[in-house]
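*Asks:* The amino acid sequence is not available; the structure is as follows:
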């Protein structure tokens, strides 16, 4: 595993799961540690109960520059509905390209 790839995740990055039941789904990174990322999408994985996933099972999609991403970086309060809406818009943009 490339050590550079393991360390390149930041809070508020939009990522895609590459393994498991949630394969292909988009998430926001809401917390990081050396082994795991904690992911939320506002639906089945809320901010209160994030998905803990190994870094090697995640693919970075983009560094989001939305208001929601900015608030996540700053540690401000974000609602699950805002995460859902933002990820839906990002998903639709990716499909239209």
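*Replies:* Received it, and whenever you're ready, just let me know what you need. Bear in mind that the values here come from a model prediction, so they are computed numbers and not experimental data.
*Asks:* Quick one: the strands in this protein, in order.
*Replies:* Using DSSP state E, the strands of the chain run over 13-17, 26-32, 36-40, 51-54, 58-63.
*Asks:* From the chain's centroid, how far away is the second one?
*Replies:* Okay, so that is strand 26-32. Remark: strand 26-32 is offset 3 Å from the chain centroid, using C-alpha atoms, centre = their mean, to the nearest Å.
*Asks:* By mean pLDDT, flag the weakest helix or strand of this structure.
*Replies:* Every helix and strand in the chain was compared by mean pLDDT, DSSP states H and E; the lowest is helix 3-6, with a mean of 46.
*Asks:* The residue nearest to residue 16 when sequence neighbours are not counted: neighbouring residues, count only.
*Replies:* Nearest non-adjacent residue to residue 16, counting by C-beta to C-beta, 6 or more residues apart in numbering: residue 59, 4.8 Å away. Heads up, the C-betas are built off the backbone N, CA and C, glycines and all. The local packing of residue 59 (other C-beta atoms under 10 Å) involves 12 other residues.
*Asks:* could you measure residue 59 against residue 53, distance?
*Replies:* 11 Å (C-beta to C-beta, to the nearest Å).
*Asks:* Scan the chain for its longest helix.
*Replies:* With secondary structure taken from DSSP state H, the chain has its longest helix at helix 80-96.
*Asks:* Give me the contacts around that helix.
*Replies:* With C-beta atoms under 8 Å, 6 or more residues apart in numbering as the test, helix 80-96 has contacts from 14, 26-28, 40-43, 46-47, 61-62, 64, 66, 68-69.
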